[in-house]
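Enquirer: Predicted model and sequence below, questions to follow.
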Amino acid sequence: MDYLRAFSPRQDIYALERGATRIKQGDIEQAGENTNRYVRSNPEAFHDLDIGGVLDQVFASVPRPYEKSKVSDKEYIDDVFHNPVSNRDEILERQEAISELQRDEELWHQILAVKSSLDTCLYDDRYGSTVNGLKALQDAANIVEFVLSVRSVRVPVAKRLKRVKDLGARFDADEKFREAEKFVQEIYLPYGLGGAIDDNMDYLNSISSVGSRREFYKGNRVLLEATEKMLKEEPFRQFINDEARALHLLKTMKCKLDIWHKEMFSFSLSGIRLEKWGKDERRRYGDLIEYWLSLVNEAVYSRIPKLEIGDLSPELSFYLGAAAVQRKWTSDGFTVTTPAILEKREITTSISGSCNTSLMKRQAHDPIIRNDIVSDRDHNLFVITGPNNGGKTTYIRQVGQMYWLAHLGMGLPAERARLSLIDAIFTSFNTEDNTAEGTGLYLTELKRMSQFSRPSAGQPRMTPYSVVFFDEFANGTDHEESVKRTKIVLEYLSQKGVTAYFTTHKHEIADMVEAGELPGAVSLGAEVRQKGAGIETTYRILRNAKERSYGHIQAEAMGITPEALRAYLTEEIAQNIYPVEDTRVGNK
């Protein structure tokens, strides 16, 4: 809080124990390849994997009383989501906090009250433009309200949450703070001193009306009664320093109140002009209020230590939001599991019954198919085949989401989950031609692969601990070149030991995997069932499965055959939609 500069406030600081440090993209870029704290990614990965959908849910799940709080929280949560961490201890501490808040809704509301009181400390701008010193006094009252909210919290288990309770315990053991707290609770708040002083300064501008005169007198009466309590009653007699007694502050205020009462309400008093009195007394009244505030602020701030909370408020917002989203997933019928995080050199992942978070809102209307995610050192390249709209892209996006959310410390919509730490996520999903740069789809994909394999300074590097996703790689060139280039990339990834997911319609690639020509490669296939003259996709991804050609079945089901198209043409001519002479029907 901002302290008054007119005196020396209490110098000691109550700082929160170390928590999550603010993560900023610039910090990561400056650290370059030497950092092992963050999971690096190409700029497109966040969008390709649709991580923003979960981010928006997390942010929207926490109410915020101030607009500035919304801005600060959004910036912090954006930083957290765009920069997942690869530090196991950091992930485990986040998991612990989020899981406890998810399980205990009462604790969730208690921590929310702490976060809201912190926001009030940070963003309450009441009395900011009124008499000097009033805002400082309100800031002290806000700190007291923060400590009260902390006292209402049961002792959490999670380390990240418990440190808030530990901070409150320091205030509880502080005798000087308890004196200031007693003033706030028994005088400042019950008498409404902040509002009384603020209103009285406003009333001076319109003192000629009867209503404002009475309110002005009432405000001064409140101020007098509060001062008398401070100077005469235990335990407040020593709250304000001896200067107030030496200068007979109480006597002066009583005398002023008697004069104001007499002059303000004696309309026919000879020689009294209310407007002139208001102008003459304005400066004296302001001086008296500022003097009173200086004494009280000195008394308060000599008892309240400086509070340093860093990013605690937006940090709590992330935990609260993540817990609320996970509780919502559970109430919607999804199992949410906290993944076991293994060391990165184990290079293993086992996630059972996971869901794509982008589809979870549709659960009530269209049940979601769960799929497993299994990989290890010996099975790390996954070539996924299947018909269009069969779930291939949805599946690899789902895999990426599970890795991403796990490295944020969040729970996963899955039955069970264990996975090794990773150091980077790379994506190359189908994109439009880049007209501005004069590059087509194929060249864009080649440039991206080049960046993955030979990064420039400060860019993420692909290692055996990275995960890569390619959606229909090399589709922007002829078939022969596409197959050749895909094989080259897969062989490189196989040699490097990277965990990679490829969706493709190229049977030559699937045949190479099935023949065992690519170490570590596994065929995955989108399940398809023949249904009458057409096919039905189940959206299940099957292991050791390979796509058959379903193109002719889909074409025939949609009427794209010589016979069907000729029949459509003949029918349109028969309906006189256009004359046969304008077509080539009948021409050899």
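Expert: Great, that's in hand.
Enquirer: What ranges in the stretch 451-588 of the chain fall below the confidence cut-off?
Expert: Residue ranges of the stretch 451-588 of the chain with pLDDT under 70: 476, 529-538, 545-561, 582, 584, 586-588.
Enquirer: how about residue 542, what does it touch?
Expert: 524, 525, 526, 527 (CB atoms under 8 Å, 6 or more residues apart in numbering). Every residue, glycine included, has its C-beta placed from N, CA and C.
Enquirer: The third one against residue 387, yeah?
Expert: Yes - with contacts defined as CB atoms under 8 Å, residue 526 counts as touching residue 387 at a distance of 6.7 Å.
Enquirer: More neighbours: the two, which one.
Expert: residue 526 (25 against 20; other CB atoms under 10 Å).
Enquirer: what's the more buried one in contact with, if anything?
Expert: With CB under 8 Å, 6+ apart, residue 526 has these contacts: 384-387, 390-392, 395, 537, 539-542, 547.
Enquirer: Next step: these restricted to strands.
Expert: Using DSSP state E, the members of the contacts of residue 526 that fall in strands are 384, 385, 537, 539, 540, 541, 542.
Enquirer: Rebuild these as a markdown table, extending it with distance to residue 146.
Expert: What follows is the ones in strands among the contacts of residue 526, written out as a markdown table (distance: CB to CB, whole Å):
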| residue | distance to residue 146 |
| --- | --- |
| 384 | 52 |
| 385 | 58 |
| 537 | 55 |
| 539 | 49 |
| 540 | 52 |
| 541 | 50 |
| 542 | 55 |
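Enquirer: one step back: going by distance to residue 265, which of the contacts of residue 542 wins?
Expert: residue 526 (87.0 Å; CB to CB).
Enquirer: Check for me that that closest one belongs to a strand.
Expert: Yes - counting by DSSP: H, G, I helix; E, B strand; the rest coil, residue 526 is located in a strand.
Enquirer: roughly how far apart are the closest residue to it other than its chain neighbours and residue 256?
Expert: Closest residue to residue 526 apart from its sequence neighbours, by CB to CB, 6 or more residues apart in numbering: residue 386 at 2.6 Å. Distance, residue 386 to residue 256, using CB to CB, to the nearest Å: 87 Å.
Enquirer: neighbour count winner among those two?
Expert: Neighbours were counted for residue 386 and for residue 256 using other CB under 10 Å; residue 386 has more, 27 against 17.
Enquirer: Quick check, that one in contact with residue 525.
Expert: Yes - if you go by CB under 8 Å, residue 386 and residue 525 touch, sitting 5.5 Å apart.
Enquirer: Would you indicate which residues of stretch 492-508 are buried?
Expert: By 16 or more other CB atoms under 10 Å, the buried positions in stretch 492-508 come out as 493, 494, 497, 498, 499, 500, 501, 502, 503, 504, 505, 506.
Enquirer: Would you confirm that the first one contacts residue 487?
Expert: Spelled out, it's residue 493. No - in this structure residue 493 lies outside contact range of residue 487 using CB under 8 Å: 10.9 Å.
Enquirer: tell me the pLDDT at residue 404?
Expert: With respect to pLDDT, residue 404 scores 98.
Enquirer: do residue 295 as well
Expert: 89.
Enquirer: number of nearby residues for it?
Expert: Neighbour tally, residue 295, other CB under 10 Å: 21.
Enquirer: how close does it sit to residue 117?
Expert: 27 Å.
Enquirer: for residue 109, same thing?
Expert: 13 Å.
Enquirer: So which of these two has more stuff around it?
Expert: residue 117 (22 against 13).
Enquirer: Check which helix or strand that one maps to.
Expert: helix 105-123 (DSSP states H and E).
Enquirer: And residue 427, by the same measure?
Expert: strand 424-428.
Enquirer: What is the subsequent helix or strand relative to that strand?
Expert: helix 441-453.
Enquirer: Any buried residues in the longest helix seen in the chain, and which?
Expert: When the chain is parsed with DSSP state H, its longest helix is helix 274-301. The neighbour-count check on helix 274-301 (16+ other CB under 10 Å) flags 274, 278, 281, 285, 288-289, 291-301 as buried.
Enquirer: and if you look at stretch 161-178?
Expert: Applying 16+ other CB under 10 Å to stretch 161-178 flags 161, 162, 163, 164, 167, 168, 171, 174, 177 as buried.
Enquirer: For that stretch, what is the distance to the chain centroid?
Expert: Taking CA atoms, centre = their mean, to the nearest Å, one finds the center of stretch 161-178 at 27 Å from the center of the full chain.
Enquirer: Ok, stretch 503-511 next?
Expert: So, by CA atoms, centre = their mean, the centroid of stretch 503-511 is 39 Å from its chain's centroid.
Enquirer: what's in contact with it?
Expert: 383-385, 392-393, 396, 470-473, 479, 482-483, 486-487, 490, 502, 523, 546-547, 549.
Enquirer: Find the nearest non-adjacent residue to residue 142, please.
Expert: residue 121 is the one closest to residue 142 (CB to CB, 6+ apart), at 4.5 Å.
Enquirer: any idea how far residue 251 is from the one you found?
Expert: Distance from residue 121 to residue 251, by CB to CB: 36 Å.
Enquirer: Show me which of the two is the more surrounded one.
Expert: Legend: neighbour count by other CB under 10 Å for residue 121 and residue 251, higher for residue 121 (19 against 10).
Enquirer: for the stretch 51-200 of the chain, what spans make up the helices?
Expert: According to DSSP state H, counting those that start in this stretch, the stretch 51-200 of the chain carries its helices in the segments 52-60, 67-82, 88-103, 105-123, 134-151, 159-172, 175-183, 189-191, 193-203.
Enquirer: ok now the first one, how far from the chain's centre?
Expert: Right, the one you point to is helix 52-60. The answer for helix 52-60 is 7 Å, by CA atoms, centre = their mean.
Enquirer: try the shortest one
Expert: Averaging C-alpha coordinates over helix 189-191 and over its chain gives two centres that are 37 Å apart (CA atoms, centre = their mean).
Enquirer: do the third one as well
Expert: Here helix 88-103 is found 15 Å from its chain centre; the criterion is CA atoms, centre = their mean.
Enquirer: Could you list the buried residues of it?
Expert: Buried-residue list, helix 88-103, by 16+ other CB under 10 Å: 90, 91, 93, 94, 95, 96, 97, 98, 99, 100, 101, 102.
Enquirer: Tell me the spacing between the first one and residue 409.
Expert: When you say that, I think you mean residue 90. In terms of CB to CB, residue 90 sits 7 Å off from residue 409.
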